[in-house]
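>>> For reference, the sequence and a predicted model appear below.
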Amino acid sequence: MNLSYAQAFALADEITAFAGKDGKAEIILAPPFIYLHEIISRVQGSTRISVSAQDCSMNKNGAYTGEVSAEMLASIGVEFVIIGHSERRSMHGESNAMIAKKLRHILENTMIPIVCVGETRDERESGIMADTVRGQISECLFHLKDHEIRSCVIAYEPVWAIGTGLNANSQQISEMHTLIRNEIGKKYSGEIANEISILYGGSVNSQNAAEIFSSDNVDGGLIGGASLKAKEFLAIVEELEKSR
């Protein structure tokens, strides 16, 4: 929930101007709902910039004041939807079952879900981080058929490393990303597991991006505060491209 109308479009325009056409990295912008339509129109000339919503309702339609449905998002050209973000889980009490319902509506409307998973500091310190993430993946995703899960993106967020001053090291990142890919491989197949992009979302910035993107099974980043400044965000994109 950042940036005014003018600031949001200035940021999108600056990113598009520098990264709109060339480059190996796919870029997805995820503005607040009220800016989506215009930002979609502003990036239409780009071959590698897409637009995502930050969330959607778990309900198809109806008397849910203030909610935004997957069908509404698809109707204006949204291509991706982030669901299960740690802030939605902690601040709004979203359960894995609720996220699974959102996922179903997103896929029914031919958009791509970016499904967030990750453990809290207590879960990490208690040594149950692997069980937590396994449970989230299983309950949010494993009801899908093979062709459906191929359409998903997963973002690993170590909640304890977001805005806390703590940082996940490359070994911890690699371990969790490898666990996620292995769990998908066991449920579906190694081929499907290798097709799915797994993003890292734990306070990525231009200083730590090179190390993070060189970690095993990291395919990109879910960028938070660093995405609010075009120069910083584009530097992260550059580090991703160098790592590929």
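Happy to help now that I have it. Numbers count the residues shown, from 1 in each chain.
>>> C-alpha only now, for contacts and for neighbours.
Noted.
>>> what's the longest helix anywhere in the chain packed up against?
The single longest helix within the chain, with elements called by DSSP state H, is helix 170-187. On a contact count with 3 or more C-alpha pairs under 8 Å, 6 or more residues apart in numbering; DSSP states H and E, helix 170-187 meets helix 129-141, helix 190-195, strand 198-200, helix 209-213.
>>> if you set the cut-off to 6 Å instead, what comes out?
Judged by 3 or more C-alpha pairs under 6 Å, 6 or more residues apart in numbering; DSSP states H and E, helix 170-187 is in contact with helix 190-195.
>>> can you give me the mean pLDDT across the helix it packs on?
Averaged over helix 190-195, pLDDT sits at 97.
>>> Tell me how far the residue of the chain positioned farthest from its centre lies from residue 71.
Distance to the chain centre peaks in the chain at residue 63, reaching 28.1 Å (criterion: C-alpha atoms, centre = their mean). Taking C-alpha to C-alpha, to the nearest Å as the measure, residue 63 falls 15 Å from residue 71.
>>> One more: residue 45?
Distance of residue 45 to residue 71, computed by C-alpha to C-alpha: 24 Å.
>>> Pick out whichever of those two has more residues nearby.
Higher neighbour count among residue 45 and residue 71: residue 71, with 19 against 12, using other C-alpha atoms under 10 Å.
>>> List the buried residues in stretch 177-196.
177-184, 188, 192-193, 196 (16 or more other C-alpha atoms under 10 Å).
>>> Distance from that stretch to the middle of the chain?
The gap between where stretch 177-196 is centred and where its chain is centred comes out at 17 Å by C-alpha atoms, centre = their mean, to the nearest Å.
>>> Which stretches in the chain count as helices?
Going by DSSP H, the chain shows helices at 5-19, 36-42, 70-75, 86-92, 96-108, 121-125, 129-141, 146-149, 170-187, 190-195, 209-213, 230-242.
>>> Give me the helices and strands touching the second one, please.
For helix 36-42, the contact count by 3+ C-alpha pairs under 6 Å, 6+ apart identifies no helix or strand as a packing neighbour.
>>> pLDDT averaged over it, what's the number?
The model assigns helix 36-42 a mean pLDDT of 96.
>>> tell me, how many neighbours does residue 64 end up with?
By other C-alpha under 10 Å, the residues close to residue 64 number 11.
>>> Quick check: phi and psi on it?
Backbone geometry at residue 64, expressed as degrees, to the nearest 10, gives phi -130, psi 70.
>>> Let the chain start at 723 from now.
Got it, first residue is 723 now, which makes that one residue 786.
>>> thinking again about what came up before, select, out of the helices of the chain, the one closest to residue 878.
helix 892-909 (7.2 Å; C-alpha to C-alpha).
>>> pLDDT of the closest one, averaged?
97.
>>> where in this structure is pLDDT low?
742-743, 887 (pLDDT under 70).
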